[in-house]
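Enquirer: okay, structure incoming, though there's no sequence with it:
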Ligand SMILES: [Fe+2]
């Protein structure tokens, strides 16, 4: 039967929506509770919806009973401190699984390339239902930062780099695309990440905000790109060697971010 997917994401695996008037929001993301949760760099997360409404970030399949990343339970102690963010996550009307704010400390392009991963969004997702994708709403005004997307982890030839000013809104099939953020600066980056089920509601939302399947690539000097690629290769090889020494294989698919 296959999953229900968005036609808008078929070509590139992502869409960029019209940007949001971020300055209208208070700094809701600074007032809510964060928990330590390591994913793709130096991170913490503040959940707005979780498997059972607790302030925790574990994949829904790691709970009892295990289930897929849908029907997240909103956490009143968090959502009442972040009403605008909650409203934005609920605006599409699509089923929401996990919904949380990521806090990412500054890193480099080379870090980002090493952090590239695919999300495990559709574990236990029943065939014939909607494919789970993720929305990324950038909250801080990270003008020099950018999201990196690749179809292939180690192939720079088709890399997409999407700018992350305040109000940037992306929807990405993060199980298909390798992804991570390069965050330039001195302060942490905050971004609202929501798991949505694909279907008519999400399609309408993408259309309403003029989802575009091609973003302008953020320009980065070629020598920085080359150095980052070389460093990614070096770190992957070093990690593989370390794991081989311990008799394990590398796990690259992450469920956390
Ligand atoms: Fe991720």
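Expert: Sure thing, it's come through. If you're wondering where the values come from, they're calculated on a predicted model, not measured in any experiment.
Enquirer: look through the stretch 101-250 of the chain and state the residue closest to the ion.
Expert: Closest to the ion within the stretch 101-250 of the chain is residue 119: 4.2 Å, counting by CB to the ion. (Each C-beta comes from the backbone N, C-alpha and C, glycine too.)
Enquirer: next, count neighbours for that residue.
Expert: Neighbour count of residue 119, defined by other CB atoms under 10 Å: 28.
Enquirer: and it, how far from residue 174?
Expert: Per CB to CB, to the nearest Å, residue 119 is found 4 Å from residue 174.
Enquirer: shared neighbours, the two?
Expert: Common neighbours of residue 119 and residue 174, counting by CB atoms under 8 Å, 6 or more residues apart in numbering, are residue 134.
Enquirer: contact partners for residue 224?
Expert: Remark: with contacts taken as CB under 8 Å, 6+ apart, residue 224 is in contact with residue 109.
Enquirer: how near is it to residue 183?
Expert: From residue 224 to residue 183 the distance is 15 Å (CB to CB).
Enquirer: list of residues touching the helix or strand of the chain with the lowest mean pLDDT?
Expert: Ranking every helix and strand in the chain by mean pLDDT, DSSP states H and E puts strand 35-36 at the bottom, with a mean of 88. The contact list for strand 35-36, computed with CB under 8 Å, 6+ apart, reads 44-47, 55-57.
Enquirer: mind listing the strands that strand pairs with, and their directions?
Expert: strand 43-50 (antiparallel) (DSSP bridges).
Enquirer: and the residue of the stretch 101-250 of the chain closest to the ion, bridged to which residues?
Expert: Residue 119 forms beta bridges with residue 254, as assigned by DSSP bridges.
Enquirer: these two touch, right, it and residue 134?
Expert: Yes. At 6.8 Å, residue 119 and residue 134 qualify as touching, with contact defined as CB atoms under 8 Å.
Enquirer: give me the common contacts of the two.
Expert: With CB under 8 Å, 6+ apart as the test, residue 119 and residue 134 both reach residue 174.
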